[in-house]
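Trainee: any chance you could fold what I've pasted below:
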Amino acid sequence: MKLENLMDFEWYNEPNNVVFAEQEMKIVAEAQTDFWQSLHHKIKKDNAHFFYKTVSGDFKLIIKWRFADAAHFNQCGIMVRVDERNWFKASTMFQSSQSPEIGTCLTVQGYSDWAGASLNNVPEHIFYKLERKGDDFVASFSFDGQKYTKLRQFYLRTVEPEVKAGAYIAAPQNKPFEAVLDEIEFA
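Mentor: Numbering: from 1, shown residues only. Presented below is the predicted three-dimensional model:
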């Protein structure tokens, strides 16, 4: 990841602790941050950290995260967003430090869902790919950056020609969460 390639990126809820190095960006998610909309649990969270670029038309975005020592519900992944009530995220999320899930959340008109599957091992890093073709989006993940597994194909009901796409990180509980963004590239 070259820093000059990040010139068109912006922060939504910029974290206080971000360190740029030549080939990586270390980010510490602040405690009690998340993207989640739930009437059932009476939770409306829109304060996690999102590093994005505004894009229009078809695109392919690939990101790579590295992390360790994840705690309950910590997550880092990929996101596409129209606004606070309409977005999608895919991430590794930890039910506990030894029980990671790979999951997706689609939020439409202020209602979030969650679909996750357990991972056999705690990965040291993970790649995410998000592709847009017309009004359709496809999210995938990979452990090696070569062979991707499709997580979900979806449609945002309020599809706009222009969306925000990028990497996000959240620490919903009472402790911060640190992860390293190694790659973020549009094709």
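
Trainee: partners of A171 in the sheet?
Mentor: A31 (DSSP bridges).

Trainee: shaky segments in this protein?
Mentor: Residue ranges of the chain with pLDDT under 70: 1-4, 39-41, 69-70, 96-98, 158-159.

Trainee: same thing but 80
Mentor: Along the chain, segments meeting pLDDT under 80 span 1-5, 22, 38-43, 68-72, 94-99, 122, 157-160.

Trainee: figure out how far stretch 169-181 is from the centre of its chain.
Mentor: Stretch 169-181 sits 12 Å away from the centroid of its parent chain (Cα atoms, centre = their mean, to the nearest Å).

Trainee: what are the buried residues along it?
Mentor: For stretch 169-181, a neighbour-count test (16 or more other Cβ atoms under 10 Å) marks 169-172, 176-181 as buried. (Glycine included, C-beta is placed from N, CA and C.)

Trainee: again with stretch 21-37
Mentor: Residues 24-25, 27-30, 33-37 are the ones in stretch 21-37 that count as buried (16+ other Cβ under 10 Å).

Trainee: looking at these, which are in strands?
Mentor: With strands defined by DSSP state E, the entries of these inside them are 25, 27-29, 35-37.

Trainee: closest to V80 among those residues?
Mentor: Of all those, V80 sits closest to F35, with 11.6 Å by Cβ to Cβ.

Trainee: quickly find the element holding R81.
Mentor: In the assignment (DSSP states H and E), R81 maps to strand 75-83.

Trainee: using CSV, write out the CA atom coordinates for that strand.
Mentor: This file holds the C-alpha atoms of strand 75-83, laid out as CSV (Å, rounded to 0.1, in the frame of the first residue of the first chain):
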residue,chain,number,x,y,z
GLN,A,75,-14.1,-6.4,14.0
CYS,A,76,-12.3,-5.1,11.0
GLY,A,77,-13.4,-5.4,7.4
ILE,A,78,-14.8,-3.8,4.3
MET,A,79,-17.8,-1.5,3.9
VAL,A,80,-19.9,0.2,1.2
ARG,A,81,-22.2,3.0,2.4
VAL,A,82,-24.9,5.2,1.0
ASP,A,83,-25.8,6.9,4.3
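
Trainee: returning to what we had before: turn the ones in strands among the buried residues of stretch 21-37 into JSON lines, including distance to L156.
Mentor: Output for those, formatted as JSON lines (distance: Cβ to Cβ, whole Å):
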{"residue": "M25", "distance to L156": "27"}
{"residue": "I27", "distance to L156": "25"}
{"residue": "V28", "distance to L156": "29"}
{"residue": "A29", "distance to L156": "24"}
{"residue": "F35", "distance to L156": "14"}
{"residue": "W36", "distance to L156": "17"}
{"residue": "Q37", "distance to L156": "14"}
